[in-house]
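Novice: Need the 3D shape of this:
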Amino acid sequence: MTVRRLFAATAAAMAFALPGGAAHAQSAEAVAAAVETVTPRVVAWRRDLHANPELGFAETRTAALVADHLRALGLEVRTGVGKTGVVGVLRGARPGRTVALRADMDALPVLEATGLPFASTATGTYMGATVPVAHACGHDAHVAMLMGAAEVLAGMRDQIAGTVVFIFQPAEEGAPPGEPKGGAALMVEQRALADPRPDAIFGLHVLPGRPGTIWYRPRGFMAASDRVDITLHGRQTHGAWPWKGIDVISASADVIQTINGLTARTIDPTTTPTVFTIATMDAGVRYNIIPDQAVLSGTLRTFDVAQRDDLVRRAEIAIDNVAGTWGATADFSVRQNAALVFNDEDLSAWLAPVLEEAAGEGAVNAGAPPTTVAEDFSYLSQEVPGVFYHLGASPDGVDPATAAPNHSPAFDVNEKVLPVGVKAHVLTALRFLERP
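Specialist: Predicted structure coming up:
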């Protein structure tokens, strides 16, 4: 046998062919076997993290667990990136591209009601008060899956040509009170995507959905999210003499109705989803006193920058006019929590068969509708091309439409999907680095 024929036979035994004659350094079967080996540890990490949740920028225990694990794998590790963020760098045996994988670490001020044996009883400080804390959004699963992916990929470093960057991000749920920026924006500012700079970045999020299925879409996938704050100033008076004051309660009611009307009657719902919700109202201390101030807050979700800017402009004018009708004045402010999650079109098309390799034939929908929930992964994918996708994680036998949603007390993650997420991370990184 000639040297060339011997090399070809060896390569065929170790890899399988790609269209165009390229070959995978690691087969899907080899990846699946490695993932199966690490899965018990992934489940254990997820349960430990679930029982010990931490709020945004307070993820010290979580960050320490992640950093210790990455160091044990022989990765280069940076901590304190974006306050509590962790960056791990795995350099393959040969030079090549750089790809980044991201997981978020923070929990929510939610009282858990899952009944799990490892349910959270933790508390934290939020808005100056002691609150219950729970992983009601699935970030415990995200961290555990990416830790598992790091272990699998570290075991394959001799076959990797290129570099994998693991980003464990704090404060995805938005900047905590008093903080000007959330976790992704702060990590970008503190050079999480520099030295080495990734050529692409990928991330996932568990949601109610058929267990193990994956869905996403090219271009606009998840809404931009703005926080809206409105303060109405009036004049206090007795509840029996409303004409002797300026009634901010009635003005607040009109402001809310005006915002609802602006969204429903001036935005074409067939062009782009738009949601403008007033969710809180704080006014008054006694049943028979009309207060001098009312404070409202809410969220604006949009998919079009120009349309969003125009709606904000018109809302401010309308709110000022409504307040003026009652003799009140209004302060209006808008602060972006997350930009539009924009999935790179070329990467989105390339990724579909890779994710199907991980999840199975027919388990991937690369043309899903947009969703009005938001994600600050958007700030990472503004820096380098990226794709963000969702992983169905509803309990077995439960209709995803009726499953407890993220951010609710009963939200839970079906642990059967954890190896799917690990495989998706691993195969995404490997196949991206193998691209011709």
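Novice: count of neighbours near residue 188?
Specialist: Number of residues near residue 188 (other CB atoms under 10 Å) recorded here: 21. C-beta here means a position set from N, CA and C on the backbone, and glycine is covered the same way.
Novice: any idea how far the most centrally placed residue in the chain lies from residue 205?
Specialist: By CA atoms, centre = their mean, the chain has its centre lying nearest to residue 375, at 4.1 Å. Taking CB to CB, to the nearest Å as the measure, residue 375 falls 7 Å from residue 205.
Novice: can you check residue 155 too?
Specialist: Applying CB to CB to residue 155 and residue 205 gives a distance of 26 Å.
Novice: Would you map the helices across the stretch 201-350 of the chain?
Specialist: 248-266, 305-325, 345-359 (DSSP state H, counting those that start in this stretch).
Novice: I'd like the mean pLDDT over the shortest one, please.
Specialist: Put plainly, it is helix 345-359. Mean pLDDT, taken over the full extent of helix 345-359, equals 98.
Novice: Tell me, how many residues neighbour residue 324?
Specialist: When neighbours are defined as other CB under 10 Å, residue 324 has 12 of them.
Novice: per-residue pLDDT, it?
Specialist: Residue 324 is given a pLDDT of 98.
Novice: circling back: shared neighbours, residue 375 and residue 205?
Specialist: Residues touching both residue 375 and residue 205 (CB atoms under 8 Å, 6 or more residues apart in numbering) are residue 388.
Novice: what sits against the residue nearest to the centre of the chain?
Specialist: Counting by CB under 8 Å, 6+ apart, residue 375 makes contact with 172, 205, 222, 338, 341, 388.
Novice: can you put those in a markdown table and add distance to residue 102, neighbour count and pLDDT?
Specialist: Shown next, in a markdown table, are the contacts of residue 375 (distance: CB to CB, whole Å; neighbours: other CB atoms under 10 Å; pLDDT from 0 to 100):
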| residue | distance to residue 102 | neighbour count | pLDDT |
| --- | --- | --- | --- |
| 172 | 10 | 25 | 97 |
| 205 | 10 | 25 | 98 |
| 222 | 14 | 27 | 98 |
| 338 | 14 | 24 | 94 |
| 341 | 12 | 32 | 98 |
| 388 | 9 | 22 | 98 |
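Novice: Now intersect those with the strands, please.
Specialist: Among those, the members found in strands (DSSP state E) are 205, 222, 338, 341, 388.
Novice: of those residues, closest to residue 416?
Specialist: Proximity of the ones in strands among the contacts of residue 375 to residue 416 (CB to CB) peaks at residue 205, which lies at 17.0 Å.
Novice: Give the bridge partners for that closest one, please.
Specialist: residue 390 (DSSP bridges).
Novice: Name the stretch among the helices of the stretch 201-350 of the chain that sits most buried.
Specialist: Using mean count of other CB atoms under 10 Å, the stretch among the helices of the stretch 201-350 of the chain with the largest mean neighbour count is helix 345-359, at a mean of 19.
Novice: continuing past that one, what's the next helix or strand?
Specialist: Later in the chain than helix 345-359, the nearest helix or strand by DSSP states H and E is strand 364-365.
Novice: Please name every helix or strand in contact with that following strand.
Specialist: Counting contacts by 3 or more CB pairs under 8 Å, 6 or more residues apart in numbering; DSSP states H and E, strand 364-365 packs against strand 214-215, helix 345-359.
Novice: Indicate which one of those is closest to residue 235.
Specialist: strand 214-215 (52.5 Å).
Novice: Distance from the chain centre to that closest one, please.
Specialist: Distance of strand 214-215 from its chain centroid, counting by CA atoms, centre = their mean, to the nearest Å, is 15 Å.
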